[in-house]
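# what follows is a predicted protein model with its sequence.
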Amino acid sequence: FYGLDESDLDKVFHLPTTTFIGGQESALPLREIIRRLEMAYCQHIGVEFMFINDLEQCQWIRQKFETPGILQFTNEEKRTLLARLVRSTRFEEFLQRKWSSEKRFGLEGCEVLIPALKTIIDKSSENGVDYVIMGMPHRGRLNVLANVIRKELEQIFCQFDSKLEAADEGSGDVKYHLGMYHRRINRVTDRNITLSLVANPSHLEAADPVVMGKTKAEQFYCGDTEGKKVMSILLHGDAAFAGQGIVYETFHLSDLPSYTTHGTVHVVVNNQIGFTTDPRMARSSPYPTDVARVVNAPIFHVNADDPEAVMYVCKVAAEWRSTFHKDVVVDLKYAEVLVSQGVVNQPEYEEEISKYDKICEEAFTRSKDEKILHIKHWLDSPWPGFFTLDGQPRSMTCPSTGLTEDILTHIGNVASSVPVENFTIHGGLSRILKTRGELVKNRTVDWALAEYMAFGSLLKEGIHIRLSGQDVERGTFSHRHHVLHDQNLGFAMASPNALVLWEAQFGDFHNTAQCIIDQFICPGQAKWVRQNGIVLLLPHGMEGMGPEHSSARPERFLQMCNDDPDVLPDLKEANFDINQLYDCNWVVVNCSTPGNFFHVLRRQILLPFRKPLIIFTPKSLLRHPEARSSFDEMLPGGLILVSLTLVLATFFGRWVKTTEHDSLDVRAHVQIGQTACLASHRGLWPLPGCAPPGLFQRQ
């Protein structure tokens with residue numbers, strides 16, 4: 001192609017400034033140029049980066065892989081690598097010996113993953129990171145928990161005991177699904193580091209956006225605006241990485257202002273097969289990692305049978321993330337035979353093996369004394385100070401959700417004015433603000449103003465609010481017109497003191513998030529022992545937009561409220577209403593008045609625990625002249641009226657209707673269940689500090 005042949009191999013060529021193969025030399029014979037390029041790119045590391053449209057970044061990568069002798073390690077680094085490999089391989093062999101017939105999702109052939117992860121963490125810690133949030137599938141999870149997160153071995157081994165009883169909530173194959181949170185000293189850097197492994201369902205890759213959201217939240221709460229203190233590592237299988245659309249979606253969120261976590265290190269554990277599927281039948285692209293090219297993420301392919309090459313690539317990946325704050329992918333190819341080389345003699349090597357074997361055996365002996373499984377030991381993000389030491393709510397009462405008239409008036413005046421001087425707004429918006437001001441003078445709120453009152457009051461109380469979704473700044477139906485900071489699902493896990501909302505353009509759009517709803521939001525407390533207060537705002541109603549946009553599918557949410565229709569609650573028990581809310585998977589409501597909407601949003605934060613809140617929001621009622629609430633209904637102890645509360649029909653299976661109702665004179669039929677609310681002498685929607693809405697009769 002270049003007109004060169006064998007006779008040119010010894011000809012000396014001047015090197016261009018774009019290459020680093022010369023080291024200190026500016027000219028080399030062609031034979032040596034080819035040899036050095038082959039050493040850089042044709043050994044155990046393959047680098048994909050030429051698609052990146054940033055010259056500085058391309059040159060940075062060239063320098064890391066072309067510079068002669070750059071893959072050199074000190075004897076101390078080699079000893080550390082060997083010790084980590086020994087622990088990784090012997091852990092897998094120990095599980096094989098003790099539980100040969102149990103499914104283990106082991107790392108056989110890719111044990112180098114453990115020193116690889118530890119290298120990424122070491123280098124990141126050296127660069128100032130003190131909190132690493134990880135997400136991963138089943139394969140290798142126990143080894144990561146044991147040798148990266150440092151979970152007690154006896155806590156892992158006792159999971160294989162079929163007689164182990166659960167002391168608290170939680171269900172399922174926990175050892176492959178639950179997470180962990182641990183703070184310790186990093187021995188290489190001698191700095192504190194916090195490691196968190198997020199719980200995951202069997203749905204591979206579903207945890208990716210949850211990890212991103214949690215990372216974004218932790219960065220927000222510690223003021224880490226550039227991602228220098230908190231980072232994420234995501235592990236993937238090769239087939240799932242190429243096959244799951246959520247990977248592509250997560251990549252496209254990675255650089256958006258309201259979602260970026262300033263770079264994630266992705267590690268693909270590539271065994272060339274997807275459970276039983278051959279790659280030729282699984283994807284159309286050459287590599288499973290090709291999806292990462294869409295965001296200009298460099299991709300480093302490395303053979304797992306060369307541990308030193310793996311360590312070097314992981315160092316470079318961590319440095320890339322620290323330098324450019326962008327995503328990077330390490331494609332770790334499985335090894336047929338694991339080659340361990342280090343600067344140690346045979347007795348030292350055997351001593352390292354026997355030392356770890358002894359640790360495992362002693363932990364195995366201790367594990368036999370574990371009779372009870374404490375799932376709360378497996379939390380990936382504890383909320384210190386929110387619960388009691390044993391993880392229970394500090395009380396089962398909720399303070400009044402009402403506000404004083406002065407506060408309502410103050411928030412209303414802010415909502416109906418432009419807080420910045422010399423700021424010209426759209427004429428249509430001027431009319432909306434003027435209408436709002438008139439509502440405040442008349443001590444009345446519409447839907448948007450009631451929401452504003454709830455948000456504004458919570459902000460005044462120091463509660464952070466995140467609202468994301470479709471058209472959330474103005475509102476899908478042009479009713480809201482206040483701008484809030486966007487955020488994603490995982491944000492709601494990091495702190496209980498934030499109101500996190502996601503709004504759909506139409507309620508049926510939640511069906512594209514069905515996996516997240518089914519696997520994380522609904523079973524959060526029952527399966528993961530994780531409380532989450534996310535609010536879903538789902539517009540619902542037959543209003544001429546076609547059959548699919550008319551329904552937010554309330555029946556799906558009702559079916560998943562609870563799973564025990566045979567338990568009859570004691571209506572006379574203390575704090576009956578709060579206990580009902582605590583025992584259900586989530587709270588499902590359909591409010592008819594702005595006052596109801598106001599109270600239910602405020603209660604979401606004032607409750608002594610956290611539950612997902614599903615709100616079927618109206619469309620035409622947003623502007624309906626009679627869909628109004630008086631300030632009287634929003635004061636402490638004020639009247640709270642609910643026209644329709646949807647609940648799973650588990651209690652008597654009867655219908656109940658109100659005989660007295662709000663200003664709209666809506667006669668609502670309510671099917672009452674034990675899960676979220678019960679019609680009782682205390683009222684249909686028992687909000688503490690609020691009077692009952694009227695009498696109830698059984699039809």
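Sure thing, it's come through.

# number of nearby residues for the residue nearest to residue 601 when sequence neighbours are not counted?
For residue 601, ignoring the flanking residues on the chain, the nearest one in space by CB to CB, 6 or more residues apart in numbering is residue 454 at 3.8 Å. No exception for glycine: its C-beta is placed from N, CA and C like everyone else's. Close neighbours of residue 454, defined as other CB atoms under 10 Å, add up to 26.

# now residue 291
Neighbours around residue 291, by other CB under 10 Å: 23.

# element containing the residue nearest to residue 601?
Assigned by DSSP states H and E, residue 454 belongs to helix 447-460.

# kindly report the same for residue 70.
Counting by DSSP H and E, residue 70 is part of no helix or strand.

# wait, it touches residue 45, no?
No: Residue 70 is beyond contact range of residue 45, at 11.1 Å (criterion: CB atoms under 8 Å).

# between the two, which has more neighbouring residues?
Between residue 70 and residue 45, residue 45 has the larger neighbour count (other CB under 10 Å), namely 19 against 14.

# any idea how far the more buried one lies from residue 302?
Here the criterion is CB to CB, to the nearest Å. By it, residue 45 lies 5 Å from residue 302.

# swap in residue 415?
Distance, residue 415 to residue 302, by CB to CB: 56 Å.

# and the residue nearest the centre of the chain, helix, strand or coil?
In the chain, the centroid-proximal residue (CA atoms, centre = their mean) is residue 210; its distance is 1.4 Å. Assigned with DSSP: H, G, I helix; E, B strand; the rest coil, residue 210 falls in the helix class.

# so where's the stretch 351-500 of the chain shaky on pLDDT?
370-382, 420-424, 426-427, 474-488, 490-494 (pLDDT under 70).

# hmm, back to that, what's the helix holding residue 454 packed up against?
Under the contact criterion of 3 or more CB pairs under 8 Å, 6 or more residues apart in numbering; DSSP states H and E, helix 447-460 touches helix 405-415, helix 427-441, strand 464-469, helix 594-606.

# what about 6 Å?
helix 405-415, helix 594-606 (3 or more CB pairs under 6 Å, 6 or more residues apart in numbering; DSSP states H and E).

# by how many degrees do the last one and helix 427-441 diverge?
Right, the one you point to is helix 594-606. Put simply, helix 594-606 runs at 90 degrees to helix 427-441, going by axes from the mean of the first three to the mean of the last three CA atoms, to 10 degrees.

# quick one: average confidence on helix 594-606?
Taken as a whole, helix 594-606 has an average pLDDT of 92.

# looking at residue 415 and residue 302, which has the bigger crowd around it?
Neighbour comparison, residue 415 and residue 302: the larger count goes to residue 302, with 26 against 22 (by other CB under 10 Å).

# residues in contact with that one?
45, 309, 310, 313 (CB atoms under 6 Å, 6 or more residues apart in numbering).

# which of those residues fall in strands?
Residues of those located in strands (DSSP state E): residue 45.

# and of the helices and strands packed on helix 447-460, who's closest to residue 247?
The closest of these to residue 247 is helix 594-606. By CB to CB, the value is 31.5 Å.

# okay, angle between the next helix or strand after the closest one and helix 447-460 too, please.
Next helix or strand after helix 594-606 toward the C-terminus (DSSP H and E): strand 613-617. Using the same axes, to 10 degrees, the inter-axis angle of strand 613-617 relative to helix 447-460 is 150 degrees.

# after strand 613-617, which helix or strand is next? Please name it.
Next along the chain after strand 613-617, taking DSSP H and E as the criterion, comes strand 629-630.

# sheet partners, orientation included, of that following strand?
Strand pairing for strand 629-630, determined by DSSP bridges: strand 444-445 (antiparallel).

# the stretch 251-400 of the chain: helices as residue ranges?
307-324, 346-367 (DSSP state H, counting those that start in this stretch).

# is it true that residue 52 touches residue 296?
Yes: using CB atoms under 6 Å, residue 52 makes contact with residue 296 at a distance of 4.7 Å.

# between those two, who's got more neighbours?
Set side by side, residue 52 and residue 296 show more neighbours around residue 52, with 19 against 16, by other CB under 10 Å.

# need the pLDDT of the more buried one.
According to the model, residue 52 scores 95 on pLDDT.

# that one falls within a helix, correct?
No: assignment of residue 52 by three-state DSSP gives coil, placing it outside any helix.

# so who does it touch?
When contacts are counted by CB under 6 Å, 6+ apart, residue 52 touches 58, 296.

# make it 8 Å
58, 61, 296, 298 (CB atoms under 8 Å, 6 or more residues apart in numbering).

# just checking, the third one touches residue 50?
Put plainly, it is residue 296. No: using CB under 8 Å, residue 296 is not in contact with residue 50, being 11.0 Å away.

# which neighbours do residue 45 and residue 302 share?
309, 313.

# just checking, residue 35 is part of a helix?
Yes: applying three-state DSSP, one finds residue 35 inside a helix.

# neighbours of it, how many?
Neighbour number of residue 35 under other CB under 10 Å is 14.

# roughly how far apart are it and residue 29?
In terms of CB to CB, residue 35 sits 9 Å off from residue 29.

# over to residue 131?
Taking CB to CB, one finds residue 131 at 50 Å from residue 29.

# of the two, which one has the most company?
residue 131 (20 against 14).

# got the phi and psi for the more buried one?
The phi/psi pair for residue 131 (degrees, to the nearest 10) reads phi -150, psi 120.

# that one reaches residue 214, doesn't it?
No: if you go by CB under 8 Å, residue 131 and residue 214 don't touch, sitting 10.3 Å apart.

# can you check which residues contact both of those two?
With CB under 8 Å, 6+ apart as the test, residue 131 and residue 214 both reach residue 196.

# name the element residue 83 belongs to?
Assigned by DSSP H and E, residue 83 falls in helix 75-98.

# joint contacts of residue 70 and residue 45?
Counting by CB under 8 Å, 6+ apart, the residues touching both residue 70 and residue 45 are residue 312.

# could you give the angle of the helix holding residue 83 to helix 307-324?
110 degrees.

# with just CA atoms, put helix 75-98 into CSV.
Extracted in CSV, the C-alpha atoms of helix 75-98 (Å, rounded to 0.1, in the frame of the first residue of the first chain):
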residue,chain,number,x,y,z
ASN,A,75,8.7,-6.6,42.3
GLU,A,76,6.4,-5.3,45.0
GLU,A,77,3.6,-4.9,42.5
LYS,A,78,4.2,-8.4,41.2
ARG,A,79,4.0,-9.9,44.6
THR,A,80,0.7,-8.0,45.3
LEU,A,81,-0.6,-9.3,42.0
LEU,A,82,0.3,-12.9,42.8
ALA,A,83,-1.3,-12.7,46.3
ARG,A,84,-4.5,-11.4,44.8
LEU,A,85,-4.5,-14.1,42.1
VAL,A,86,-4.0,-16.8,44.8
ARG,A,87,-6.9,-15.5,46.8
SER,A,88,-9.2,-15.3,43.8
THR,A,89,-8.3,-18.8,42.5
ARG,A,90,-8.3,-20.5,45.9
PHE,A,91,-11.7,-19.0,46.8
GLU,A,92,-13.3,-20.6,43.7
GLU,A,93,-11.5,-23.9,44.4
PHE,A,94,-12.7,-23.8,48.0
LEU,A,95,-16.3,-23.4,47.0
GLN,A,96,-15.9,-26.2,44.4
ARG,A,97,-14.6,-28.5,47.2
LYS,A,98,-17.2,-27.7,49.8
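
# need the contact partners of the helix or strand just after it.
Heading C-terminal from helix 75-98, the first helix or strand you meet, by DSSP H and E, is helix 113-126. Outside of helix 113-126, the residues within contact range by CB under 8 Å, 6+ apart are 80-81, 84-85, 87-88, 107, 132, 134, 140, 143-144, 147-148, 186, 188-189, 191, 193, 195, 231, 233, 235, 265, 267, 269, 304, 307, 310-311, 314-315, 317-319, 321-322, 330, 332.

# centre of the chain to helix 113-126, how far?
22 Å (CA atoms, centre = their mean, to the nearest Å).
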